[in-house]
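Undergrad: return atomic coordinates for the entry below.
(one chain, ligands or ions: 1)
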Amino acid sequence: MKQQRILLIIGGGIAAYKCLDLIRRLREAGASVRAVMTRAATEFVTPLSVGALTSERVFTDLFSLNDEQEIGHIRLSREADLLIVAPATADLIAKMAGGHADDLASTVLMATDKPVLLAPAMNPRMWLNPATQRNVAQLRADGVHFVGPNTGEMAERDEAGPGRLVEVPEIIDAANKILAGRRGSPLARVGARPLAGRHVLVTSGPTHEPIDPVRYIANRSSGKQGHAIARAAAALGARVTLVTGPVSLADPPSVDVVRVETAEQMLHAVQAALPAGIAAFAAAVADWRTASAPREKIKKSGAKPSLELVENPDILATVGKSRSGRPTLVIGFAAETENVTSEAAKKRKAKGADWIVANDVSPSRGVFGGDGNTVHLVTADGIEDWPTLSKDEVARRLMLRAAEFLRHSAAAAE
Ligand code: PMT
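TA: Next up, the predicted model:
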């Protein structure tokens, strides 16, 4: 953070008070902070308190003659290394996605040529509203960065779900990653890229097992969790190979992506991508495929077809139990609907994995295709229950733990 210039745009929400701590921590880390407040934000925290912490004048009104004479909105947006919007309200997100510029905050965001990090905070229903989700998807596609929201209780009692502003260290961590990637700052060399020099192999998504040329057996995996792991590993400095089944997600940046359809193709792609220091198997691989798939479409008019199924190769078990070229850390997943951790512990042993990330995939949990996950990390030392987190955060924590594991195993080998 040393000598980095942060432009903090404070949106109007109950979580705006956390910006005071954010400013303090950013400055402690060596950054300079300039703040823009929306009109609504000034209802939650005063420009006076914000100014006292930034030691700079606070900008609140696009049409203030003084502001424009002293520093125009274009300069304001350019004289920064990173723009952070916190809390990013549904309204600010919508304005950004729609390209509006009707106040200082939205104008600065439109005018900037610098990376932008949004930390959303709003009521869970507003976050889950299709309009907000559309806007978020649009902004992600435009290259805007997001941290959070977290899942938990809201200021309105009796309400819980995704929409809480992430904690201040998480915002700083996300900002650090963006700045490190952008400038190759000292941070990029120490700590921020603990997987530099490592190869991480990740599987993601479902597999499609053909019944005939037009029909297939599949499952509900979207690839979000696996792709998040690939992104997290790359952000931590790893060379990443992502072997993915059919998904409708964009390829993560700076990752080698190998696209496959079936479990057998996935196994071959995984074997071709080895060796790797870490292998994380998040794909929902079909356990069975049809014994044979005819070349022509099965006709409805013919005899009622019956499917003969045969077992697919178990990719995790093949790699986990291999005698040569086994990755130092083999991470499997377990998708369960009952006895989640005990089933996961059995799978860890049966498949030769070091760790199993267990998740409850009962439909009521919304894990398949959703953005959040509640996982339990099953290792030889026991079971850790993680809080409900975004899939990105699960991925980041998992890869940080994996980096730590590799560091210790390298130290032990010396
Ligand atoms: O893709 P999302 O919508 O984001 O959803 C995420 C997820 C639910 C798919 C993910 O978090 C998850 O749980 N992935 C594992 C799904 C699964 O197949 O679980 P399983 O318990 O059936 O398999 C256990 C492990 O063996 C998994 O690591 C799996 O990749 C692996 N496996 C299973 C069968 C097989 N033939 N080969 C394998 O490698």
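
Undergrad: now the helices for the stretch 151-300 of the chain?
TA: Using DSSP state H, counting those that start in this stretch, the helices of the stretch 151-300 of the chain run over 168-183, 186-189, 224-235, 263-273.

Undergrad: now those helices in CSV, with distance to the ligand?
TA: Just so you know, the C-beta spots here come from the backbone N, C-alpha and C atoms, and that holds for glycine as well. Putting these into CSV (distance: least, C-beta to the nearest ligand atom, whole Å) gives the following:
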stretch, distance to the ligand
helix 168-183, 20
helix 186-189, 29
helix 224-235, 4
helix 263-273, 5
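
Undergrad: of those helices, which stretch is the most buried?
TA: Taking mean count of other C-beta atoms under 10 Å as the contact definition, the stretch among the helices of the stretch 151-300 of the chain with the greatest mean neighbour count is helix 224-235, which reaches a mean of 27.

Undergrad: just the angle between that helix and helix 168-183, please?
TA: What separates the directions of helix 224-235 and helix 168-183 is an angle of 60 degrees, with axes from the mean of the first three to the mean of the last three C-alpha atoms, to 10 degrees.

Undergrad: chain center to helix 224-235: distance?
TA: The gap between the average C-alpha position of helix 224-235 and the chain average comes to 7 Å, counting by C-alpha atoms, centre = their mean, to the nearest Å.

Undergrad: what does stretch 172-183 give?
TA: On C-alpha atoms, centre = their mean, the centre of stretch 172-183 falls 15 Å from that of its chain.

Undergrad: what does the helix or strand containing Ala105 rub up against?
TA: For Ala105, the host element (DSSP states H and E) is helix 104-111. Outside of helix 104-111, the residues that reach it under the criterion C-beta atoms under 8 Å, 6 or more residues apart in numbering are 7, 9, 11, 36-38, 59-62, 67, 73-74, 76-78, 83, 85, 92, 95-96, 99-101, 116.

Undergrad: just give me the lowest mean pLDDT stretch among the helices of the stretch 151-300 of the chain.
TA: Set side by side, the helices of the stretch 151-300 of the chain differ in mean pLDDT, and helix 186-189 is lowest with a mean of 36.

Undergrad: quick one: contacts for Glu170?
TA: The neighbourhood of Glu170, defined by C-beta under 8 Å, 6+ apart, consists of 147-148, 150, 393.

Undergrad: just the ones of these in strands?
TA: In this view, the contacts of Glu170 that belong to strands under DSSP state E are Asn150.

Undergrad: now, which of the contacts of Glu170 sits nearest the ligand?
TA: Glu393 (13.3 Å; C-beta to the nearest ligand atom).

Undergrad: now do that closest one: how many residues are near it, please.
TA: 23 (other C-beta atoms under 10 Å).

Undergrad: how close does it sit to Ala232?
TA: Counting by C-beta to C-beta, to the nearest Å, the gap between Glu393 and Ala232 amounts to 9 Å.

Undergrad: now do Arg57
TA: Shown here: Arg57 relative to Ala232, a distance of 38 Å by C-beta to C-beta.

Undergrad: how is the protein carved up into domains?
TA: For the chain, the structural domains run 5-190, 199-413, going by automatic domain parsing.

Undergrad: where among these is average confidence lowest?
TA: domain 5-190 (a mean of 87).

Undergrad: tell me how far it lies from the chain's centre.
TA: Computed by C-alpha atoms, centre = their mean, the separation of domain 5-190 from the middle of its chain amounts to 18 Å.

Undergrad: also stretch 324-344?
TA: Centre-to-centre, stretch 324-344 and its host chain are 20 Å apart (C-alpha atoms, centre = their mean).

Undergrad: again, but for stretch 302-315
TA: For stretch 302-315, the separation from the chain centroid amounts to 35 Å (computed by C-alpha atoms, centre = their mean).

Undergrad: buried stuff in it?
TA: Counting neighbours by 16 or more other C-beta atoms under 10 Å, one finds that the buried residues in stretch 302-315 are 312, 314-315.
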